[in-house]
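Asker: Got a sequence here, can you build the structure:
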Amino acid sequence: MSLKRSLITDQRGAVAFEVPIVYIFLLLVILLPLADLAIAGFQYISAFAALRGFGQAILYSPPPDVTNASSWASAALAKADSRYPIPSIQLICGDSNAVCSSSNSDPSQPKYYVYTTTITLAPMVLKSVLCTSGNTNHCSFTLYYSERFQ
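Answerer: Reported below is the predicted structural model:
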């Protein structure tokens, strides 16, 4: 057998060279983007669950006067999850999405709580894909929630 033929058949070091390349490919192309999506999904689900839980908490203590609910709103905001702060609550009366006032606070009209929270993503790889918000910080998203209480 010639020397050239023996080198071709002897490929014991091929795996040692290929494994780091395959590992880097799996890490950079598959696992890190998947981790970015998972973290963003968990943040979104947690924030939405916090909004929903806040809505359930304030559902049992509606404001006594929907036209002047500032003192009630400050007490209600204290019940919010500290990880996902809620800056303000709006009380909407009727189906026209108008803020409650003395002219549209008829008891026969439906009334809603409307509030928001903000989440900020910090992706490692998928920044151009996940950070598409119209806010000044493109990785910051505002989540809206509405709950009917009457």
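
Asker: Now for Thr117, how many residues are close by?
Answerer: 21 (other Cβ atoms under 10 Å). Every residue, glycine included, has its C-beta placed from N, CA and C.

Asker: what number of residues lie near Thr67?
Answerer: Thr67 is flanked by 14 other residues according to other Cβ under 10 Å.

Asker: any idea how far it lies from Ser102?
Answerer: Separation of Thr67 from Ser102 (Cβ to Cβ, to the nearest Å): 5 Å.

Asker: same check, this time on His138
Answerer: His138 is 41 Å from Ser102, by Cβ to Cβ.

Asker: the more surrounded of the two?
Answerer: His138 (14 against 9).

Asker: just the helices in the chain please.
Answerer: Ranges of helices within the chain are 3-9, 14-25, 32-59, 70-77, 127-130, based on DSSP state H.

Asker: so what's the most centrally placed residue in the chain up against?
Answerer: In the chain, the centroid-proximal residue (Cα atoms, centre = their mean) is Tyr44; its distance is 2.3 Å. Contact analysis of Tyr44 by Cβ atoms under 8 Å, 6 or more residues apart in numbering lists 119, 141, 143.

Asker: Out of the residues you listed, grab the one that's most surrounded.
Answerer: The most crowded member of the contacts of Tyr44, judged by other Cβ under 10 Å, is Phe141 (21 neighbours).

Asker: Surely that residue touches Thr132?
Answerer: No - look at Phe141 against Thr132 with Cβ atoms under 8 Å: they stay out of range, at 9.1 Å.

Asker: that older thread, reformat the helices of the chain as a markdown table; add mean pLDDT.
Answerer: Below are these laid out as a markdown table (pLDDT from 0 to 100):
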| stretch | mean pLDDT |
| --- | --- |
| helix 3-9 | 62 |
| helix 14-25 | 82 |
| helix 32-59 | 93 |
| helix 70-77 | 87 |
| helix 127-130 | 88 |
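
Asker: will you turn those helices into a markdown table that also has distance to Leu91?
Answerer: Formatted as a markdown table, the helices of the chain follow (distance: least, Cβ to Cβ, whole Å):
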| stretch | distance to Leu91 |
| --- | --- |
| helix 3-9 | 80 |
| helix 14-25 | 54 |
| helix 32-59 | 11 |
| helix 70-77 | 8 |
| helix 127-130 | 33 |
